[in-house]
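> for reference, the sequence and a predicted model appear below.
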Amino acid sequence: RAWPFSDPQAAGEAFRNLGDSPLADSALSGLMHGLAESDPGSAVTFAATLPEGPQIDAAVHATGSVIYMLGNENAQGWFDALPASSPIFNKEAARVVMESLSRSDPGSVEAFAMARLDQQWCTRPAEQNFAASMILRNGGSPWNYVASVMEKHPRPEEPLALATWVARLNPQSALSWADSNPDSPATDQVLAGLARHHQERGFQDKA
């Protein structure tokens, strides 16, 4: 963790030379925390050179350090400045930021996710699901987010997938949102997703 402050290039090379060593995971953690604290930009640059698995771990460590140093609010500015050329890092950093925000003021995760619907990570179904679950954990209703995502990033092959998945997390919130938004273009999809959830649960109960 201390080495990147004095010689980040040597620290990076030392990590690469570990190969499959059992020390690699802890070394990557220390390296990324050190890089993020000394030069957050270099942490992203280094992580982008790693294979997908280690890059995901690197993003978690680096983003955690940035949040610790800057706080949730300023970490969002850092996140928005991440290069689009690092999609793996970005989507994992988004998860870490939202998880941190989920423990802060109610509505924080929804505000973060809704403001970034155009970013590449938000086109991924897994990240959409994760964002909705963090909105719920943060004490909010995810359905405005779900409605916006289904309109902006439709899944033609599975048009009800997101609504059904979120309905499993909190069926009552789906019904409450539909009752409050009868004229929304997404209401029919939300209700259809809720119905599919109940249908699936009925099959499971019978089994």
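That came through fine. Note that the structure is predicted; figures quoted are calculated from it, not measured.
> in the strand or helix carrying residue 70, what's buried?
Following DSSP states H and E, one finds residue 70 within helix 52-80. By neighbour count with 16 or more other C-beta atoms under 10 Å, helix 52-80 contains the buried residues 54-67, 75-76, 78-79. From N, CA and C alone the C-beta is placed, and that goes for glycine too.
> and what of stretch 5-18?
By neighbour count on 16+ other C-beta under 10 Å, the buried set for stretch 5-18 is 8, 11, 12, 15.
> stretch 29-39 too?
For stretch 29-39, by 16+ other C-beta under 10 Å, it's 29, 30, 31, 32, 33, 34, 35, 36, 37, 38.
> so how far is residue 180 from the first one?
I take that to be residue 29. Relative to residue 180, residue 29 is positioned 45 Å away (C-beta to C-beta, to the nearest Å).
> next one: the fourth one
Plainly put, residue 32 is 43 Å away from residue 180 if you go by C-beta to C-beta.
> show me the shaky parts of the chain.
Along the chain, segments meeting pLDDT under 70 span 203-207.
> spatially nearest residue to the residue positioned nearest the centre of it (excluding sequence neighbours)?
Central residue of the chain (C-alpha atoms, centre = their mean): residue 95, 2.5 Å from the mean position. In this structure, residue 95 finds its nearest non-sequential neighbour in residue 130, 5.8 Å apart by C-beta to C-beta, 6 or more residues apart in numbering.
> so the one you found sits against residue 102, correct?
No: counting by C-beta atoms under 8 Å, residue 130 does not reach residue 102; the two are 10.4 Å apart.
> please enumerate the helices of this protein.
Using DSSP state H, the helices of the chain run over 3-6, 8-16, 24-38, 40-47, 52-80, 87-101, 108-114, 125-137, 143-152, 161-169, 171-180, 187-206.
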